[in-house]
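S.K.: no sequence for this one, just the structure:
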Ligand SMILES: N=c1c2ncn([C@@H]3O[C@H](COP(=O)(O)OP(=O)(O)OP(=O)(O)O)[C@@H](O)[C@H]3O)c2ncn1[C@@H]1O[C@H](COP(=O)(O)O)[C@@H](O)[C@H]1O
């Protein structure tokens, strides 16, 4: 796993035990899953809007896409942490899928 993902996982897990007013992540854990999911949805929407603007040729929007995607990934990591799921599980799933054609996988499912 990348160093930053491993370090972030450890910090997010530690924040589950921290006082709600001590940090942003601690406050999210304290507010609960619905608030965390609301943030994931909000960041997904902001990522889509930034990507559309970048595709429309607004050059300054390329950095906005990076920033909004980072917000989306970060809040998704908080969601996983809140559910007690390590981000390594997602990396393992991507590794398992690596090299498997999406079209072949879909065709195999429709034959089940
Ligand atoms: N990577 C991040 C990170 N990315 C984004 N954010 C915060 O996510 C928040 C939500 O973004 P918004 O644009 O929605 O801001 P907002 O309008 O203030 O949010 P709302 O009031 O609408 O909830 C902002 O306050 C950002 O600062 C992050 N907060 C923390 N981290 C990492 O998490 C670690 C632990 O953070 P704390 O728990 O705050 O110490 C930090 O050291 C960082 O490594």
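M.R.: Yep, that arrived. Remember, it's a predicted structure, so these values are computed and weren't measured experimentally.
S.K.: from here on, just use CA atoms for contacts and neighbour counts.
M.R.: Fine.
S.K.: flag the shaky bits of this structure, pLDDT-wise.
M.R.: Residue ranges of the chain with pLDDT under 70: 1, 58, 112.
S.K.: near the ligand, which residues of it show up?
M.R.: Counting by CA under 6 Å from any ligand atom, the chain comes close to the ligand at 8, 23, 24, 25, 26, 71, 74.
S.K.: just the buried residues of these.
M.R.: Among the residues of the chain next to the ligand, those buried by neighbour count (16 or more other CA atoms under 10 Å) are 25, 26, 71, 74.
S.K.: for the ligand, state which of these is nearest.
M.R.: The ligand has its nearest neighbour among these in residue 25, at 3.7 Å by CA to the nearest ligand atom.
S.K.: which of the residues of the chain next to the ligand fall within strands?
M.R.: The members of these all map outside strands under DSSP state E.
S.K.: can you give me the helices in this protein?
M.R.: 3-15, 24-31, 33-55, 61-82, 87-97, 102-110 (DSSP state H).
S.K.: for the longest one, packing partners?
M.R.: Here helix 33-55 is seen to pack against helix 24-31, helix 61-82 when contacts are counted using 3 or more CA pairs under 8 Å, 6 or more residues apart in numbering; DSSP states H and E.
S.K.: just put these in JSON lines and tack on distance to residue 17.
M.R.: Converted to JSON lines, those look like this (distance: least, CA to CA, whole Å):
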{"stretch": "helix 24-31", "distance to residue 17": "8"}
{"stretch": "helix 61-82", "distance to residue 17": "11"}
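S.K.: which parts of stretch 9-26 are buried?
M.R.: Across stretch 9-26, burial judged by 16+ other CA under 10 Å covers 9, 12, 13, 15, 16, 18, 20, 25, 26.
S.K.: ok, the last one - contacts?
M.R.: When you say that, I think you mean residue 26. Going by CA atoms under 8 Å, 6 or more residues apart in numbering, residue 26 touches 15, 16, 17, 18, 19, 20.
S.K.: quick check: the farthest pair among the buried ones among the residues of the chain next to the ligand?
M.R.: 26 and 71 (16.4 Å; CA to CA).
S.K.: hang on, the earlier thing: out of the helices and strands packed on helix 33-55, flag the one nearest residue 100.
M.R.: For these, the distance to residue 100 is smallest for helix 61-82, at 23.5 Å, taking CA to CA.
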